[in-house]
Structures are given as structure tokens and as C-alpha cells.
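Colleague: sequence? don't have it. structure:
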């Protein structure tokens with residue numbers, strides 16, 4: 001397992017105050033985006049999000065083409081990614097990817113186990129869709145529950161599992177300066193709350209061999225769009241869960 005690395009994800013978290021400027025600077029509002037509905041899974045171990053270190057996150061993504069439940073460990077620990085996960089890649093509707101995530105100040109190992117649910121949800125999420133919370137027992141597969149137990153020491157309490165959403169996800173695939181990248185934006189609204197959710201990441205999935213050459217180019221592209229590339233922001237699932245949990 002120590003030798004396995006399925007890829008590298010170059011990620012620049014865009015500070016909240018810069019999201020609208022970055023969207024405008026790239027001219028993305030005039031471009032068609034792929035859209036999905038995101039539902040976060042909260043209280044995986046019966047502990048509210050604001051009281052955990054958020055090393056394990058899970059969410060449901062529904063799009064017109066497919067639905068998936070995604071479980072992610074970040075950071076993942078190689079010492080715990082042993083059998084049967086060392087050789088697990090794709091089986092019975094599940095796919096496991098072991099990648100490195102490169103950020104402004106750190107590189108971490110990320111393990112992502114995705115379960116396919118088949119058909120998606122054709123209806124788009126309205127821009128001001130209200131976020132609600134409801135029970136989510138049975139959404140995680142037995143394989144994902146075993147993965148969390150083996151690789152994170154986390155016992156899922158399904159009776160306390162909560163699904164929070166929908167969050168509107170829009171993703172744009174771009175090519176700038178011979179660099180293929182993606183802007184991903186999550187937005188949500190809650191009645192009676194002054195601050196809505198508006199998060200964005202700039203990403204470039206690549207190979208371990210190409211990552212050292214492409215990361216400086218991605219940072220340069222972000223800086224030209226007035227992004228503080230030295231400001232480390234957490235991944236969107238973690239930031240969104242903290243937002244949702246604090247407002248329930």
C-alpha cells in the first residue's frame with residue numbers, strides 16, 4: 001500500500017470574500033456548468049460536526065447522470081490502509097482512490113471510497129433552495145461503514161446519521177495557459193440566517209509526475225484572479241458541514 005498513489009489533486013481553496021470576484025474574473029456566469037445536488041452526512045459517529053476534527057466526511061451527490069455516496073478520509077493514514085483495502089480499486093459498485101492533495105502549505109494523503117447508486121436527479125437545485133436536515137439511516141453502504149471502521153477507527157451510528165441539504169454544486173472545466181483545471185462552487189441558503197453558504201475551490205487533477213510542474217502554474221493562475229494562494233482554506237465538505245452544523 002505504501003507504493004500506491006492513484007493521482008494528485010492540486011487544490012487552491014478560494015477565501016470566502018474572494019469567491020464572487022473569482023467567478024466574475026473567470027467569466028463563469030456566462031459559461032454552462034455541470035450541476036449537482038449535494039447532501040452532507042453529519043454526525044457520522046453521533047458527534048456534531050463542530051465538535052469533531054472532521055478527518056472523515058461523507059456526502060451524497062446527485063446529478064442528472066448518476067447518484068453517488070462519497071466517503072473521504074483526509075488525512076488518510078497509510079498504516080491503517082491495509083488489507084483488504086490495499087488492493088481494493090473497484091468492486092460491486094464501489095471505487096476506492098488513494099490520492100495526494102497539494103495545498104498552499106501542506107500535502108496530505110486522501111482516501112475516497114465512492115458508492116454508485118445508479119440514476120441521478122434531473123431537477124436542478126434552485127439558487128435559494130432551503131437547507132433542511134433529516135434522518136439518513138441506510139444511506140452508507142456496508143462496504144463504506146467497514147472502510148470507516150478499518151481505516152479511521154470510526155463506528156457509524158446509523159440511528160444518529162443526519163442528511164443536510166440540498167447544496168447547489170456548479171462545476172466548470174476550464175483550459176487556461178495550457179492548464180486543464182476546474183472551478184467548483186457550493187451555494188446554499190437558510191431562512192432567517194444572514195450569511196448564506198458560498199464556497200469555491202480551484203482544482204487540477206493530475207499525475208504524480210506532472211504535479212510539480214503544474215502546481216506553480218495553477219497558483220500563478222489563481223493569483224492573477226486575485227486569490228491569496230498562501231491562505232490555506234479547508235476543503236468544501238468540511239467548511240460546509242461546519243456552516244450547516246452551526247446553524248441547525
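Modeller: Here it is on my side, so go on. Just so it is clear, the model here is predicted, and its values are computed rather than measured.
Colleague: what about the longest strand in the chain?
Modeller: strand 162-176 (DSSP state E).
Colleague: Figure out how far that strand is from the centre of its chain.
Modeller: 9 Å (Cα atoms, centre = their mean, to the nearest Å).
Colleague: Stretch 177-197 too?
Modeller: 12 Å.
Colleague: which residues in this protein form strands?
Modeller: 7-14, 34-42, 56-62, 67-73, 90-91, 94-102, 107-118, 132-135, 162-176, 179-188, 197-206.
Colleague: which secondary structure elements does the longest one contact?
Modeller: Using 3 or more Cβ pairs under 8 Å, 6 or more residues apart in numbering; DSSP states H and E as the contact criterion, the secondary-structure elements in contact with strand 162-176 are strand 34-42, strand 56-62, strand 132-135, strand 179-188, helix 236-246. The way it works is simple: take the backbone N, C-alpha and C, and place the C-beta from them, glycine included.
Colleague: Any idea which of those gets closest to residue 169?
Modeller: For residue 169, the closest of these is strand 34-42, at 4.4 Å, according to Cβ to Cβ.
Colleague: what comes up buried for the closest one?
Modeller: Neighbour-count burial for strand 34-42 flags 36-42 (criterion: 16 or more other Cβ atoms under 10 Å).
Colleague: Residue 102: which of those residues is nearest?
Modeller: residue 38 (23.4 Å).
Colleague: Other residues contacting the top helix by length along the chain?
Modeller: Ranked by number of residues, the top helix in the chain under DSSP state H is helix 211-224. With contact meaning Cβ atoms under 8 Å, 6 or more residues apart in numbering, helix 211-224 is reached by 8, 10, 12, 14, 100, 102, 176-177, 179, 181, 202, 204, 206, 229.
Colleague: mind giving me TSV with these and columns for distance to residue 159 and pLDDT?
Modeller: Shown next, in TSV, are these (distance: Cβ to Cβ, whole Å; pLDDT from 0 to 100):
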residue	distance to residue 159	pLDDT
8	38	97
10	39	96
12	38	93
14	37	92
100	35	96
102	38	95
176	47	85
177	50	80
179	46	90
181	41	94
202	38	94
204	40	96
206	41	95
229	43	87
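Colleague: which one of these sits closest to residue 77?
Modeller: residue 100 (13.6 Å).
Colleague: May I have the strands that pair with the longest strand of the chain, each with its orientation?
Modeller: strand 34-42 (antiparallel), strand 132-135 (antiparallel), strand 179-188 (antiparallel) (DSSP bridges).
Colleague: picking that back up, save the helices and strands packed on strand 162-176 as a markdown table, and put in distance to residue 76 too.
Modeller: Compiled in a markdown table, those are given as follows (distance: least, Cβ to Cβ, whole Å):
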| stretch | distance to residue 76 |
| --- | --- |
| strand 34-42 | 18 |
| strand 56-62 | 10 |
| strand 132-135 | 28 |
| strand 179-188 | 21 |
| helix 236-246 | 15 |
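Colleague: Specify the stretch among the ones you listed that is closest to residue 142.
Modeller: Comparing the helices and strands packed on strand 162-176 by Cβ to Cβ, strand 56-62 comes nearest, at 14.1 Å.
Colleague: Identify the residues contacting residue 149.
Modeller: Contacts of residue 149 by Cβ under 8 Å, 6+ apart are 155-156.
Colleague: Okay, buried residues for the longest strand of the chain please.
Modeller: In strand 162-176, the ones that count as buried by 16+ other Cβ under 10 Å are 162-172, 174.
Colleague: what's the answer for stretch 58-73, then?
Modeller: Buried residues in stretch 58-73, counting neighbours by 16+ other Cβ under 10 Å, are found at 58-63, 67-73.
Colleague: on that earlier part again, which of the strands paired with strand 162-176 sits closest to residue 243?
Modeller: Using Cβ to Cβ, the nearest of those to residue 243 is strand 179-188, at 7.9 Å.
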